[in-house]
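> Output the structure for:
(2 chains)
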Amino acid sequence: MDGLDLLKKDWKKREGSIPQLSYDEIYKMLWKRSSSIVKWIFVISILEFLFWALITIFWTDDEYWNSVERVHLKEFTVATYLINYAITFFFIYCFYKNYRRISSTDNVAKLMKNILRTRKTVKYYIGYILISTALITLIYTYFMMDYHVTNTVVEDVEKYNFTPIQWVKFTGIIIGGLAVFLGLIWLFYKVLYGILLRRLNKNYKELKKLEL
Amino acid sequence: MDKELEHQFVTNLEKHQNIAHKICRIYTNDQDSHNDLFQEITIQLWKAYPKFRGEAKFSTWMYRVALNTAITLYRKKKRSIRTQDFDTVDFKIKAEEYDDEAEQQLKVMYSAIQELNDIEKALVFLYLEDKNYRDISETLGITEVNARVKMNRVKTKLKNILNP
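Predicted structure coming up:
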């Protein structure tokens, strides 16, 4: 008997010892695509981080640092960058953990829990971006104004005195501008992660039906 | 997604899952990649299922789609699979002892299969599955004559590896 026949015999013999998957296990595989969605969230978070990092590199030339120094915000700016990078890295790490966790999950209840967890991480991340952007913008605006108030030499002080109504208008413009700015950022992230989150949600609902 | 279709599909796949397991055995050499490939085959089968609709036997169709998945996935991941240590080849067959000559020969055979390219593996798989040349040509989308020629080459290649 030659090798191939021997192999064929052995192949047939092994047929009986193949471990079998249950109906539910196979069904679950159809919804395990969640792991590829979560992988995309992880990849996008990295791309996004690189995108902002590149923008920062081009943005922060000497002129930028001089102007920051003029308004006494150099330490603050450096600290903001550091904290921001640390927190962003933390989120990227969380996304990675979520991805690892989801791809190794083998029961439906856990998979559902992980999907919820991923959704929550993304929501926290977007929340963090909005709040930190708002805070940083406000602080910068305050220091810029403070700088101009103390350093601008005006000949006629009367001309620069705001009436209460003018103050209200001024504050309104700043808050309105900030709101539009934050709205745009929110929209950007909503589009970026929204599609993936919606798909995750769909998978979650299907899994839920399977659980019942 | 149609619930009825889903149920039908999973039932069919459950019944014929051996086909996918055996393909995984030929194309992968550790349990993790086995599971990965099985998962991938399941997803590809499900994606292709709406086009199936009983035009052939489920098993015949499954051979074709599953083998295609294994071949394309293998091509994509060739490097990572190739870099695996060759000792892992016997992962799935180490459960048994290889004390006599025939067993030793089998071990060498299984290792030799791991050295074949993706198409050659498909041919060996179909040969082991006792498929005739018509089935083979249909599954792989080649002519019967071509299937015959290729199969003989693979057999010779394996025999040469076995008796150098």
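> What is the burial count for A:R117?
A total of 16 residues lie near A:R117 under the criterion other Cβ atoms under 10 Å in any protein chain shown. All C-beta atoms are positioned from the backbone trio N, CA, C, and that covers glycine.
> so which helix or strand takes in it?
Applying DSSP states H and E as the criterion places A:R117 in helix A:108-151.
> does chain B sit close to that helix?
No - counting by Cβ under 8 Å from any Cβ of the partner chain, chain B is not contacted by helix A:108-151; separation bottoms out at 13.2 Å.
> Buried ones in stretch A:86-97, by neighbour count?
A:T88, A:F91, A:I92, A:C94, A:F95, A:Y96 (16 or more other Cβ atoms under 10 Å in any protein chain shown).
> How about the secondary structure of the third one?
Judged by DSSP: H, G, I helix; E, B strand; the rest coil, the three-state class of A:I92 is helix.
> Near chain A, which residues of chain B are found?
Within reach of chain A by Cβ under 8 Å from any Cβ, chain B has these residues: B:1, B:6, B:10-11, B:13-14, B:17-18, B:21-22, B:38-39, B:42-43, B:46, B:102, B:105-106, B:108-110, B:127-128, B:130, B:155, B:158-159, B:162.
> picking that back up, go through the buried residues of stretch A:86-97 and name the one nearest chain B.
For the buried residues of stretch A:86-97, the closest approach to chain B (Cβ to the nearest Cβ) belongs to A:Y96, at 18.5 Å.
> Isn't the closest one up against A:K39?
No - look at A:Y96 against A:K39 with Cβ atoms under 8 Å: they stay out of range, at 9.5 Å.
> Let's see the pLDDT reported for B:N132.
As predicted, B:N132 sits at a pLDDT of 91.
> Burial check on it, number of neighbours?
So B:N132, with other Cβ under 10 Å, has 10 neighbours.
> quick one: contacts for it?
Applying Cβ atoms under 8 Å, 6 or more residues apart in numbering or on different chains to B:N132 gives no contacts.
> Roughly how far does it sit from chain A?
Counting by Cβ to the nearest Cβ, to the nearest Å, the gap from B:N132 to chain A is 14 Å.
> where does that residue fall, phi/psi-wise?
Main-chain torsions, B:N132, degrees, to the nearest 10: phi -80, psi 170.
> Could you list which of the residues of chain B next to chain A belong to helices?
B:6, B:10-11, B:13-14, B:17-18, B:21-22, B:38-39, B:42-43, B:46, B:102, B:105-106, B:108-110, B:127-128, B:155, B:158-159, B:162 (DSSP state H).
> In ChimeraX, how would I select the buried members of these?
Applying 16+ other Cβ under 10 Å to these, the buried members can be selected in ChimeraX as follows:
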select /B:10,13,14,17,21,22,38,39,42,43,46,105,106,108,109,110,127,128,155,158,162
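> May I have the predicted confidence score for the residue nearest the centre of chain A?
Note on chain A: the residue nearest the mean C-alpha position is A:Y125, at 4.6 Å, using Cα atoms, centre = their mean. Per-residue pLDDT puts A:Y125 at 89.
> Would you mind pulling up the elements that the top helix by length along chain A packs against?
Scanning chain A for the helix with the most residues, using DSSP H, yields helix A:164-211. Applying 3 or more Cβ pairs under 8 Å, 6 or more residues apart in numbering or on different chains; DSSP states H and E, we find helix A:164-211 packed against helix A:23-31, helix A:34-59, helix A:108-151.
> Can you say which of those is packed in most?
Highest mean neighbour count among those (mean count of other Cβ atoms under 10 Å in any protein chain shown): helix A:23-31, with a mean of 19.
> what's the host helix or strand of B:D135 packed up against?
In the assignment (DSSP H and E), B:D135 maps to helix B:133-140. In terms of contacts (3+ Cβ pairs under 8 Å, 6+ apart), helix B:133-140 is packed against helix B:58-76, helix B:118-128, helix B:144-162.
> Surely A:F76 and A:I139 touch.
Yes - with contacts counted by Cβ under 8 Å, A:F76 reaches A:I139, the gap being 7.2 Å.
> helix/strand/coil for B:A56?
Secondary structure state of B:A56, per three-state DSSP, is coil.
> ok, so what distance separates it from chain A?
With Cβ to the nearest Cβ as the criterion, B:A56 and chain A are 21 Å apart.
> ok, that residue - how many residues close by?
13.
> Quick check, pLDDT for it.
On pLDDT, B:A56 comes in at 79.
> List phi and psi for it.
Dihedral pair for B:A56: phi -140, psi -170, per degrees, to the nearest 10.
> What strand or helix carries the closest residue to A:T56 other than its chain neighbours?
Take A:T56 and drop its neighbours on the chain: the residue closest to it by Cβ to Cβ, 6 or more residues apart in numbering or on different chains is A:Y81, 7.3 Å away. Using DSSP H and E, A:Y81 sits within helix A:74-104.
> Quick one: list the elements packing against that helix.
Packing partners of helix A:74-104 (3+ Cβ pairs under 8 Å, 6+ apart): helix A:34-59, helix A:62-70, helix A:108-151.
> Now do that helix, average pLDDT.
Mean predicted confidence for helix A:74-104 is 86.
> Run the chain-centre distance for it.
Here helix A:74-104 is found 9 Å from its chain centre; the criterion is Cα atoms, centre = their mean, to the nearest Å.
> what angle separates it from helix A:164-211?
Interaxial angle of helix A:74-104 relative to helix A:164-211 (axes from the mean of the first three to the mean of the last three Cα atoms, to 10 degrees): 20 degrees.
> which residues does B:F9 contact?
The contact partners of B:F9, by Cβ under 8 Å, 6+ apart, come to B:L45, B:W46, B:Y49.
> which secondary element of chain B has the worst mean pLDDT?
When each helix and strand of chain B is scored by mean pLDDT, DSSP states H and E, helix B:78-82 comes last, with a mean of 43.
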